[in-house]
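K.L.:
No letters, just coordinates:
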Ligand SMILES: NC(=O)c1ccc[n+]([C@@H]2O[C@H](COP(=O)([O-])OP(=O)(O)OC[C@H]3O[C@@H](n4cnc5c(N)ncnc54)[C@H](O)[C@@H]3O)[C@@H](O)[C@H]2O)c1
């Protein structure tokens, strides 16, 4: 596939909400959507950072300043408030990019007591998608793109007990499980949308290996400045840029030819390059596990979609 961002069609009249858009892939995704004339909503935790990012995006793209929505994915009440705020100002949403994420922090909990990575990367995005579903359903060709990782391949499954990781927390295991959950969720959302006769498309993307804040955020949270410097330096040397890492998300969000329920990114043997369709692991494609994960997630978040 020889796709690049010049292939993104004009997005005039389309509204896109991007989570985690103050840095990394989310910032680059928002910038490219703006350049193609979408109306962009930046959902972010830190109001000052979000406002500065909105100013910067308007300046670098020459497009209208994105709207800022306060969203902490690690707090389900904040997710509910964010969705209400969006619904107060918009009657439809064309694109939801579930991009934000945290990787390998120390053992920390969300506001509701869930393990931080599964809570932020999976539960928060599930709740956000469910709460925005009426607005997505009101759009002509809605898409939900959820950003996963090749790290979903490192785990053999996920259980309800992993949501709290009450005993034996292993940071890489929890990250892998959160990214497995992202794929299971994408495929189950696709199945449920189609069973309900909805025109919503659910797709997954992964960036390969891209130089962003992701690699240093965990060590910073653990107070390990040296580890953050070493990992950050190594990543800058070998990883592709954040802009290139955003291509699979942008492809999934905008290419006319996508296949419902597909997963796009560089091949799993590479860590960079143009987006192509990749095959998730057998576990990630297990419909029974996806169904159970959905039920546990509805129980944990108190909200359902389809
Ligand atoms: N960079 C890579 O190589 C790589 C590889 C595979 C997958 N990913 C995935 O890409 C996505 C984007 O990460 P990135 O690489 O741009 O990293 P990043 O750290 O630059 O960006 C992550 C964003 O998520 C936001 N975020 C974290 N916790 C949040 C919360 N509780 N509420 C709201 N926002 C929150 C951060 O503020 C930040 O803006 C993540 O889902 C990550 O798992 C990245």
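P.N.:
Sure thing, it's come through. Quick caveat, the model's predicted, so the values are computed rather than measured.

K.L.:
Retrieve the pLDDT associated with the closest residue to the ligand within the stretch 101-250 of the chain.
P.N.:
Nearest residue of the stretch 101-250 of the chain to the ligand: residue 101, at 2.6 Å (C-beta to the nearest ligand atom). (C-beta placed from N, C-alpha, C; glycine too.) pLDDT for residue 101: 98.

K.L.:
residues touching it, list them.
P.N.:
Taking C-beta atoms under 8 Å, 6 or more residues apart in numbering, we find residue 101 in contact with 20, 117, 120-121, 147, 178, 214.

K.L.:
try residue 138
P.N.:
Per C-beta under 8 Å, 6+ apart, neighbours of residue 138: 91-93.

K.L.:
Filter those down to just the buried residues.
P.N.:
92-93 (16 or more other C-beta atoms under 10 Å).

K.L.:
so which of the contacts of residue 138 also contact the ligand?
P.N.:
The subset of the contacts of residue 138 within reach of the ligand, counting by C-beta under 6 Å from any ligand atom, is empty.

K.L.:
List the ones among the contacts of residue 138 that fall in helices.
P.N.:
Among these, no residue falls in helices (DSSP state H).

K.L.:
Take the contacts of residue 138 and write them to a markdown table, including pLDDT and distance to residue 71.
P.N.:
As requested, the contacts of residue 138 are exported to a markdown table (pLDDT from 0 to 100; distance: C-beta to C-beta, whole Å):
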| residue | pLDDT | distance to residue 71 |
| --- | --- | --- |
| 91 | 97 | 20 |
| 92 | 98 | 19 |
| 93 | 98 | 14 |
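
K.L.:
So which of the contacts of residue 138 is the closest to residue 4?
P.N.:
Comparing the contacts of residue 138 against residue 4 with C-beta to C-beta places residue 93 closest, at 26.0 Å.

K.L.:
Residue 145 reaches residue 252, doesn't it?
P.N.:
Yes: applying C-beta atoms under 8 Å, one finds residue 145 in contact with residue 252, separated by 4.5 Å.

K.L.:
distance of the residue of the chain most remote from its centre from residue 153?
P.N.:
The outermost residue of the chain, judged against the average C-alpha position, is residue 226 (28.1 Å), by C-alpha atoms, centre = their mean. From residue 226 across to residue 153, the span is 29 Å (C-beta to C-beta, to the nearest Å).

K.L.:
and if you look at residue 77?
P.N.:
33 Å.

K.L.:
same question, residue 12
P.N.:
38 Å.

K.L.:
quick one, which of those two is more surrounded?
P.N.:
For residue 12 versus residue 153, neighbours defined as other C-beta atoms under 10 Å are more numerous around residue 153 (16 against 9).

K.L.:
Can you give me the pLDDT of that one?
P.N.:
For residue 153, the predicted pLDDT is 95.

K.L.:
ok, now the one 3 residues further on?
P.N.:
You'll see residue 156 listed with a pLDDT of 94.

K.L.:
Tell me the gap between the host helix or strand of residue 295 and the middle of its chain.
P.N.:
Residue 295 is located in helix 287-301, with elements delineated by DSSP states H and E. The chain centroid and the centroid of helix 287-301 are separated by 18 Å under C-alpha atoms, centre = their mean, to the nearest Å.

K.L.:
before we move on, what about stretch 284-294?
P.N.:
For stretch 284-294, the distance to the chain centre is 19 Å (C-alpha atoms, centre = their mean).

K.L.:
What residues sit buried inside it?
P.N.:
Buried residues in stretch 284-294 (16+ other C-beta under 10 Å): 284, 286, 289-290, 292-294.
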